[in-house]
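Chemist: 3D, please:
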Amino acid sequence: MTILDARPDTAPIPFRLFAVTVKRVVAISPTYRRITFTGPLCDGIADNRHDQRIKFLLPTEGMPLDEFGLEPTDWYQRWRELPDDKRMPMRTYTIREVRTELAEFDVDVALHGRIGPASSWALDAQPGDSIIVNAPCAHYPDVHGGVDWHAPERVDRVLLAGDETAAPAIAGILERLPADACGVAVIEVPDAEDAAVIGAKPEHVEVVVLARGDAAVGTLLEPELRRVAPRVLEECELIARAERIAHAPLEDVDIDAGLLWEVPVSETGGAALGDRAPFYAWLAGEASVIKTLRRLLVSELGVDRRSVAFMGYWREGRPELGG
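Modeler: From the prediction side, this is the model:
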């Protein structure tokens, strides 16, 4: 047994580091690889479903995984203090499925060629390869965090939209919506075959897959949202009521200085609008595109901003912040 195999003798915490090994890699489309991970402690990863985020810490020649270790209390500070040649690349992904009984989980990784360490690692990933992940702990009794789907328990219409980086999260949300859910999900991906990343969905949730080919990210997503969003809002009679909705003003966000990330929640961490609402939207992807869609829904269509979660997952031409 190594330091990476030992179960921690600490009080339950929301997230901790897990040493994991690639069990299998499946090419599910031209853009996506489904990577299944396993490890001696993976039966302790929480299955929170929806859009649960985790972090990958990828190995480097200068920092073996054993040397970094799994100490939970100060890992991020230790990681930040590493010299550049030893600091492991860190990237954020969505857990696609957790199989606790098998001590394994899946992550659908969008490939973007060899333009960065995470995509390069995924292109080369083989069974037996090891990384460290920061993931939610199953034994923690409270809310873990890292889940940004906070729709009311009952919502008349849902609207989900994003690019290929958000598609795995959208797929996870769709699979766990109530069977009677209604709405639209719009996903922009590089290739039409990337629709394979979407699994089960409620019968009355339409999924629109836009294949942009070599066009710029967001080229198809914005015009499609301009077409779809008013229809969804009309279905739940929100456009007629827009002037009567008391929504907070929409301030500008400098996406070059920080994250575009706004997830409305109540004081107790639940849906900001309570248990019932006519509409809820979840938008994620390239930050400048999401900023435009945010303005469309809130400023142009008058949607109460408490009904919309906006997440700039990445910024064109920039690495992930903090990693």
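
Chemist: Which residue ranges of the protein form strands?
Modeler: Secondary structure of the chain by DSSP state E: the strands cover 15-27, 32-38, 53-57, 90-99, 104-110, 130-136, 154-162, 182-189, 204-211, 261-262, 276-286, 308-314.

Chemist: By mean pLDDT, show me the worst of those.
Modeler: Looking at the strands of the chain, the lowest mean pLDDT belongs to strand 261-262 (a mean of 81).

Chemist: For it, which strands pair with it and how are they oriented?
Modeler: strand 308-314 (antiparallel) (DSSP bridges).

Chemist: Please work out the angle formed by the directions of the partner strand and strand 154-162.
Modeler: Comparing the axes of strand 308-314 and strand 154-162 via axes from the mean of the first three to the mean of the last three CA atoms, to 10 degrees yields an angle of 20 degrees.

Chemist: Can I get strand 308-314 in CSV? Just the C-alpha atoms.
Modeler: Backbone C-alpha positions of strand 308-314 (Å, rounded to 0.1, in the frame of the first residue of the first chain) are rendered in CSV as follows:
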residue,chain,number,x,y,z
VAL,A,308,-31.0,31.7,-14.7
ALA,A,309,-27.6,30.2,-14.0
PHE,A,310,-24.7,31.5,-16.1
MET,A,311,-21.3,29.8,-16.1
GLY,A,312,-18.3,30.8,-18.3
TYR,A,313,-16.5,27.5,-18.3
TRP,A,314,-13.6,28.8,-20.4
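
Chemist: So what touches that strand?
Modeler: Strand 308-314 has contacts (CB atoms under 8 Å, 6 or more residues apart in numbering) with 92, 148-150, 162, 165-166, 255, 259-264, 280-287, 290-291, 293-294, 297-298, 320. Every residue, glycine included, has its C-beta placed from N, CA and C.

Chemist: got it, and stretch 145-155?
Modeler: Under CB under 8 Å, 6+ apart, the answer for stretch 145-155 is 14-15, 48, 50-54, 136, 158, 173, 181, 263-265, 269-280, 282, 284, 309, 311.

Chemist: again with stretch 98-111
Modeler: Taking CB under 8 Å, 6+ apart as the rule, stretch 98-111 contacts 23, 28, 31-43, 45-47, 54, 93-97, 118-119, 122-123, 135, 138, 164-165, 167-168, 171, 197.

Chemist: again, only using 6 Å
Modeler: Contact with stretch 98-111 is made by 23, 31-38, 42-43, 45, 47, 93, 95-97, 119, 122, 164-165, 168, 197, as judged by CB atoms under 6 Å, 6 or more residues apart in numbering.

Chemist: Poorly predicted segments of the chain, please.
Modeler: 1-10, 238-259, 267-268, 317-323 (pLDDT under 70).

Chemist: what residues does the lengthiest helix in it touch?
Modeler: What stands out as the longest helix in the chain, according to DSSP state H, is helix 221-235. Outside helix 221-235, the residues within contact range by CB under 6 Å, 6+ apart are Arg157, Leu159, Ala161, Val184, Val186, Glu188, Leu210, Ile239, Thr292, Leu293.

Chemist: from those residues, which would you call buried?
Modeler: For the contacts of helix 221-235, a neighbour count by 16 or more other CB atoms under 10 Å gives the buried set as Arg157, Leu159, Ala161, Val184, Val186, Glu188, Leu210, Ile239, Leu293.

Chemist: Which residue comes closest to Ser266 once chain neighbours are left out?
Modeler: Ala272 (5.6 Å; CB to CB, 6 or more residues apart in numbering).

Chemist: from memory that neighbour sits against Pro264, does it?
Modeler: Yes. The criterion here is CB atoms under 6 Å, and Ala272 meets it with Pro264 at 3.7 Å.

Chemist: who touches both of those two?
Modeler: Arg306.

Chemist: Go through stretch 105-121 and flag the buried ones.
Modeler: 105-112, 117-121.

Chemist: what about Glu316, how many neighbours?
Modeler: Neighbours of Glu316 under the rule other CB atoms under 10 Å: 12.
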